[in-house]
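# everything below, folded, please.
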Amino acid sequence: MSSINIKEEEIFLCTVTRIESASVFVNIDEHGIEGTIIFSEISAGRIRNIREFVSIGKKIVCKVLRKKDSHVELSLRRVSAKERDEILDRYKKERVLSSILKPIVKEKTAQIVEKIKKENDVLEIVNNLRNNPESLKEYLSPTQLENLKKQLAEKKEKEKEVKRKIIVKSYSESGINDVKSVLSTQDAEISYLGSSQFLVKVKAKDYKIANQNLEKVLSEIKEKAKSHKVQLEIKEK
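As a prediction, the model looks like this:
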């Protein structure tokens, strides 16, 4: 899709593709085109190591600064926490929807998810899917819909959740970005509680696996906190 459809100030989920001397190159996922971020638009503070903020393959939320012909200039630091969280939450929900539908519709998963995205609010669909599987009635055959209901019922019955509170603080110039990097994970749901407190939640089919996965996530967070020199306190259960 041409960049002509991209407007200044729009916000997109992007994937980092390469890092050069003074620029980060990304793929704007929604449009499948390349964009660039100069280092000064990565963070407001001094950047000692660019890979503390971005790495190849990482998903980041960027704002369009300007576009000229096929060239799109983006910013990471001008995206607010609220804007970033909304985009990332939508991305996570799309992945959840895909994982739910894949066993049922197989190779048509991507096609159906794209159609749902165009016609509905994915966040609302996923958040209410367990209680309202009929919301996908128009996208599935009667047999597929019944299979979906069975799958959701089994998952609701078996899935267990474990959680732990943590406190994450940084007093450096790049503190906000350091904290973001420390808490960046695809293996847990992390929500902000206020006063530097966060809640880390992990779900699995039984408590043993859920606890093992939670400990693994906390261990990874601990290692990243050390490398970023961020203060971390993990609350007792």
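# and the helix or strand of the chain with the lowest mean pLDDT, what's buried?
Ranked by mean pLDDT, DSSP states H and E, the weakest helix or strand in the chain is helix 142-158, scoring a mean of 86. Neighbour counts using 16 or more other Cβ atoms under 10 Å place 144, 145, 148, 152 of helix 142-158 among the buried residues. Where C-beta positions appear, they are placed from N, C-alpha and C, glycine not excepted.
# and if you look at stretch 167-187?
By neighbour count on 16+ other Cβ under 10 Å, the buried set for stretch 167-187 is 168, 170, 174, 175, 177, 178, 179, 180, 181, 182, 183, 184.
# not counting residues beside it along the chain, what's closest to residue 163?
residue 201 (4.4 Å; Cβ to Cβ, 6 or more residues apart in numbering).
# residue 58: which of the buried residues of stretch 167-187 is nearest?
residue 184 (7.8 Å; Cβ to Cβ).
# and that closest one, what does it touch?
residue 58 (Cβ atoms under 8 Å, 6 or more residues apart in numbering).
# the least confident helix or strand of the chain packs against which elements?
In terms of contacts (3 or more Cβ pairs under 8 Å, 6 or more residues apart in numbering; DSSP states H and E), helix 142-158 is packed against helix 81-105.
# what's near enough to touch the spatially most central residue of the chain?
Most central in the chain under Cα atoms, centre = their mean is residue 88, positioned 3.7 Å from the mean C-alpha point. Residues in contact with residue 88, defined by Cβ under 8 Å, 6+ apart, are 13, 59, 61.
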